[in-house]
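Take a look and give me a structure for this.
(chains A, B and C)
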Amino acid sequence: MNRKTFLRSAMALAIVGAMAGTTVVQAQGKQEPIRIGAIYLMSGSAAMYGKFAQQGIQQAIDEINAAGGVLGRPLQVLMEDSQGKAATAIQAARKLVYQDKADVLMGLDSSGVAQGLVPVLPELRKPFIITHAATPDVTGKLCNKYTYRVSVNVHQNMNSAAEVAVKTGKKRWTTIGPDYAFGHQSWEFFGKYLKEKMPDAELMKEVAFPRFGAEDFTPFIDNIMASKPDGVLISVWGGDMVNFVRQANNRGFFDQDFDVLFTVGAATEVLTALGEQLPEGVWVGTRYWYGAHDNELNKKFVADYKQRYNAPPSYNAEGAYVAVYAYKAAIEKAGKVDGDAIAAALKGLEITAPTGALKFREGDNQALIGPTWGKTGPMNAEDKIRSLTEMQTFDGQKITPPVDAECKL
Amino acid sequence: MGSLGLALLNSLDIGLLLFIIAVGLNIVFGVLNVINFAHGALYMLGAYLAFSCINGLGMPFWATLLIAPLGVAVLAVLVDRLMLRFVYQREVTDSLLLTFALLLILNESVRMVWGTGIHVVEPPELLRGTVTLPGGIRYPVYSLFVIFAGAVVLFGLWFLFNKTRAGKIMRAAALDRDMAQVLCINTRLVITGVFAFGAWLAALGGVVAAPMRAIDPGMGDKIIIESFIVVVIGGLGSFPGALLGAIVLGLIHGLGGRFLPEINLMLPFVGMAIVLLLKPHGLLGRRASL
Amino acid sequence: MLSHEKTMNDTPGTQASLPARAGRTGGSATLAWGAWLAAAVTLILLVILPWVAPYFYIFIATEVLILGLLAASFNLIFGYTGMLSFGHAAFFGVGSYAVAMLLQAYQWPLLACLLAAVVVATVLALVIGFFCVRLNEVYFAMLTLAFGMMVFSIAHQWRSVTNGSDGIAGFAVTSFGLGLDVQLGNPSVYYHVVLVIVMLAAALLYLICRSSFGLILRAIRQNPERVAFCGVNVRAYRLASFTVAGAFAGLAGGLMAPFLRIASPELLHWSMSAEPVLMTILGGSGYFLGPFVGAAMFVLLEAWITSMTQAWMLVLGIILAFMVMFFRRGLLGTILDWFQERK
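As a prediction, the model looks like this:
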């Protein structure tokens, strides 16, 4: 064999070998941490949600580690960016489990991502707690024994929204929602629940579904205003909601006669960005409002969060916080750090959260919690966001519809 | 005025902003035969610099309008001297690829410096709020300013190309670079200058757009496709073509968004394809005068 | 203007890398021997990968193979026929959607789905290509970009058929076809399936490139006018090249859907079209295996760099810039050229 070709082959092999060899070396030792893999939106128009979730996670981890950890081991979080794409999230989940050796998983802001990722979870054999994505499918037709959700789903939220809509007495409703699962399902189920409660309600044909991440909402705003509704259900969220409200103000959207419901509008991420630009008198919903729960745990949680991060906790932060504690409880119940065991231990688990008692329903692994709805009121000077008036927190047991027949756990 | 009128006004607003941004792409292609894939990133950089100047340094909007594009132009000079000089003599596709690499670099740099979330810039005091137009429609003052700015840029460029020596040199170099060199016009200076000028225009568009749009790391990618559509429809390398293309695209967005929302995503590309198939050199034909 | 003159110096020529060219220099026999050895070693490594490398690398390798096939199909249009397409992802994505939809609705065996993917992609390539090959250079690139984005927009907005931006997910890959019982759900098994299919496809593509058809394509890249004067229908050959490339891209896309478990509009976006372009430049458009090398570079670099920092696009951009400026022939191209010049 020629020396040059031998050298070249050897060089090629060496390069390949070096690249293959740069896998993360595991920390060996008695105090090997329990790794939580977290997949959230860390970029794009809703990047704040992922950031606040991370803050919630970190607060929970610091508290737990200070108290001795779980089964004597500290917790550690590994964040991954879903970029709002299911394919990215699936690959991130594989990386977290196979390369970074994550023991448990959590996350997901986007319903579209959840729809793509949840069917893949049984292959990974690690439990996944969803803390934000609201599509009912993941506790419905896509449900599996590894997937749990601590946050409100579209059914619970739209059932409550319908209650609020009935209170306004308005009959003709339309919607502006993002053009993906969340937007469409919100409208679908709002319509269903509204009709049940108020049979003479009219669901208008003129609806608007701008693309998620669209910059220009003005054509949609103009269209909806021209169609003269009595009430508008708006499920636009994140950076889109910020853009939407600014542009809507320019068009005089909020000066019209119709009632406005923002389905997930009471997000501190959005309210902080908008400040006074979100007018008073619009209805906003959320799965968790920091000022709505008068118990010791919530007071401590909010106080600690404000001290750490100089802002009141958003619902995404609280959801992530709760999920970490849920894992703590489940791992301690299971007695070992094993994916299947923890997933089984989560079943029917009941813990105390800042919102009160929280239980995963056994039929579909959905937490029985109710959202909080309120009307925007005067600015809260200390927290620098709008306060909520006429607050109503719905009872999780009553507002959650029965287990979807398509879910067979 | 009615909804049609509003849609048309929107179209004008969108169109003239697009014109400010895209005309630089056309000028650079016309004179240098380079398709700057990173043109959108330069626009984005202008918007981010505006954000830093206004929100970070507290500069007034009008000063930012002058300073931020200059900063981007300086960067463009560096890019030209350090990177593009290697590909000017090669096929157009090489400059496409190199500027694409530049795009990746700029996108990530912006993410690293300013973070991955969105930023918001408020319009200056003078331009906030809305006015009521004849017909009872409320229209944002800032959008009217954008239309005004577009018109200013339009006339400024027309004046530059037709009445000034610099403009005539650029047109000469666009027509025949070798000949211009023979005539002792300093081609190197023209090349760098034109590229910087194109970048300056893109960044100017960014500063103008900043109070209207969400400033996020994806805005450059969105606008480069828009710019390509504009220059293709109007005619690669043609200055009046850029205006026509921008207005057409503005109309597609404004009217399509209002009346055909189910397929509005597709319409600009259909327009682009139709023009390329029927008149590949654009609606204004083969390289109408710069 | 300068752009319309053909610059012969820097245009990357395309040669078959293995076996040696119809012998010109004597030393090329040793080169051929070495090349075969390297290829054999690589093949063995690829086959035994699941047993020797960390588990995660199975996913990386599967991705490299699929994207390598995509890039190689792109290179048929770019390196061999000299046309820069910015819409190649349309065929890739359509292949993915075809497989995803068939699996979700009918649970066809995988081979049948892949066949359907190839057919659909071929038809689409024929239609799009028919319009595009009339144009040259930049205009061709722009039109392919426009068509690619049109397909993207349709997939994004046609919710009733394509499920819009959420894509098509939740399908299971159960049967393989041909009566073979293959556990496709196991990533290691799926990897080997992909390996076999990609190798067969690459071999077929290689034969096409080495044939007289490929020779004419290369001639068209270098000087279309002269080829036309020889009486060859340049446009027809370009269309054929475009269509064949689309077919192989569709196959790659078809393999991607079960791997990703989802077919979503991002697979059709122009940023996806840019990936085979990048990979081909990285590896080298001048040699058949260049795009595969480029795909490996791209995926491995991404995995390697993202484990250290988030700024992987920055590194990629810098490397790409260097390649275009100084190493226009790509990694494989530069290495092989260097060896050949030494003889």
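
which residue packs closest to the residue in chain C positioned nearest to chain B, ignoring adjacent ones?
Relative to chain B, the nearest point of chain C is C:G317 (3.1 Å; C-beta to the nearest C-beta). Glycine gets a C-beta too; all of them are placed from N, C-alpha and C. Nearest residue to C:G317 in three dimensions, chain neighbours excluded: B:L104, at 3.1 Å (C-beta to C-beta, 6 or more residues apart in numbering or on different chains).

Point me to the helix or strand that includes the residue of chain C closest to chain B.
helix C:312-326 (DSSP states H and E).

Quick check, pLDDT for the residue lying closest to A:D383 once chain neighbours are set aside.
Residue nearest to A:D383 in three dimensions, not counting chain neighbours: A:P312, with 4.9 Å by C-beta to C-beta, 6+ apart. Listed pLDDT for A:P312 reads 90.

what bits of chain A have low per-residue confidence?
Scanning chain A for pLDDT under 70 picks out A:1-30.

Swap in 80 and give it another go.
A:1-31, A:44-45, A:213-215, A:409 (pLDDT under 80).

Quick check, central residue of it?
Compute the mean C-alpha point of chain A, and by C-alpha atoms, centre = their mean the closest residue is A:H132, 1.2 Å away.

For it, give its distance to A:G183.
Noted for A:H132: a distance of 15 Å to A:G183, by C-beta to C-beta, to the nearest Å.

Let me know the secondary structure of the residue nearest to the centre of chain A.
Look at A:H132: counting by DSSP: H, G, I helix; E, B strand; the rest coil, its state is coil.

Sketch out the strands for chain C, chain order is fine.
Taking DSSP state E, the strands of chain C run over residues C:168-169, C:262-263.

Is the first one in proximity to chain A?
Yes - when contact is scored as C-beta under 8 Å from any C-beta of the partner chain, part of strand C:168-169 falls within range of chain A: C:A169.

who does that strand pair up with?
If you go by DSSP bridges, strand C:168-169 pairs up with strand C:262-263 (antiparallel).

Endpoint to endpoint, stretch C:103-115 covers what distance?
In stretch C:103-115, first residue to last residue: 13 Å (C-alpha to C-alpha, to the nearest Å).

element containing B:M44?
Following DSSP H and E, one finds B:M44 within helix B:39-51.

just checking, next helix/strand downstream of that helix?
Downstream of helix B:39-51, the next assigned helix or strand under DSSP H and E is helix B:61-82.

now for the helix holding B:M44, which elements pack on it?
Identification of packing neighbours for helix B:39-51 by 3 or more C-beta pairs under 8 Å, 6 or more residues apart in numbering or on different chains; DSSP states H and E yields helix B:2-32, helix B:61-82, helix B:92-114, helix B:187-209, helix B:219-234.

again, only this time at 6 Å
Contact analysis of helix B:39-51 by 3 or more C-beta pairs under 6 Å, 6 or more residues apart in numbering or on different chains; DSSP states H and E lists helix B:61-82, helix B:92-114, helix B:187-209, helix B:219-234 as its packing neighbours.

So for B:L25, which of those sits nearest?
Ranking the helices and strands packed on helix B:39-51 by their distance to B:L25 (criterion: C-beta to C-beta) puts helix B:219-234 first, at 5.1 Å.

ok, now which ones touch the residue nearest to the centre of chain A?
Applying C-beta atoms under 6 Å, 6 or more residues apart in numbering or on different chains to A:H132 gives the contacts A:D109, A:S151, A:N316, A:G319.

okay, these in TSV with distance to C:Y191 next?
Below are the contacts of A:H132 laid out as TSV (distance: C-beta to C-beta, whole Å):
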residue	distance to C:Y191
A:D109	31
A:S151	36
A:N316	37
A:G319	36
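
For C:V277, state which of the residues you listed is nearest.
For the contacts of A:H132, the closest approach to C:V277 (C-beta to C-beta) belongs to A:D109, at 31.5 Å.

what's the spacing between stretch B:56-75 and its chain's center?
17 Å (C-alpha atoms, centre = their mean, to the nearest Å).

repeat for stretch B:119-129
Offset of stretch B:119-129 from its chain centre (C-alpha atoms, centre = their mean): 21 Å.

and it, which residues are buried?
Within stretch B:119-129, the residues scored as buried using 16 or more other C-beta atoms under 10 Å in any protein chain shown are B:H119, B:V120, B:V121, B:P123, B:P124, B:L127.

Just the local confidence number for the last one, please.
By that I understand B:L127. pLDDT at B:L127 comes out at 83.

how near is B:L236 to chain C?
Counting by C-beta to the nearest C-beta, to the nearest Å, the separation of B:L236 from chain C is 7 Å.

Chain C contacts on the stretch 151-300 of chain A?
A:Y180, A:A181 (C-beta under 6 Å from any C-beta of the partner chain).

Identify each of the helices in the stretch 151-300 of chain A and give its residue range.
A:154-168, A:181-197, A:218-226, A:239-251, A:268-274, A:296-309 (DSSP state H, counting those that start in this stretch).

And for the closest residue to C:S188 other than its chain neighbours, the neighbour number?
Once flanking residues are discounted, C:S188 sits nearest to C:P50: 4.1 Å by C-beta to C-beta, 6+ apart. Neighbour count for C:P50, taken as other C-beta atoms under 10 Å in any protein chain shown: 17.

For the residue in the stretch 251-400 of chain A that chain C sits nearest to, list the residues it contacts.
Using C-beta to the nearest C-beta, the closest approach of the stretch 251-400 of chain A to chain C is made by A:G339 at 14.5 Å. Residues near A:G339 by C-beta under 6 Å, 6+ apart: A:R125, A:K126.

What parts of the stretch 1-150 of chain C come near chain A?
Counting by C-beta under 6 Å from any C-beta, the stretch 1-150 of chain C sits next to chain A at C:T30, C:G34, C:L37, C:A38, C:A53, C:P54, C:Y55, C:F56, C:F59.

Roughly how far does the third one sit from C:V293?
It refers to C:L37. Relative to C:V293, C:L37 is positioned 16 Å away (criterion: C-beta to C-beta).

who has more neighbours, these two?
The residue with more neighbours, out of C:L37 and C:V293, is C:V293; 24 against 16, by other C-beta under 10 Å.
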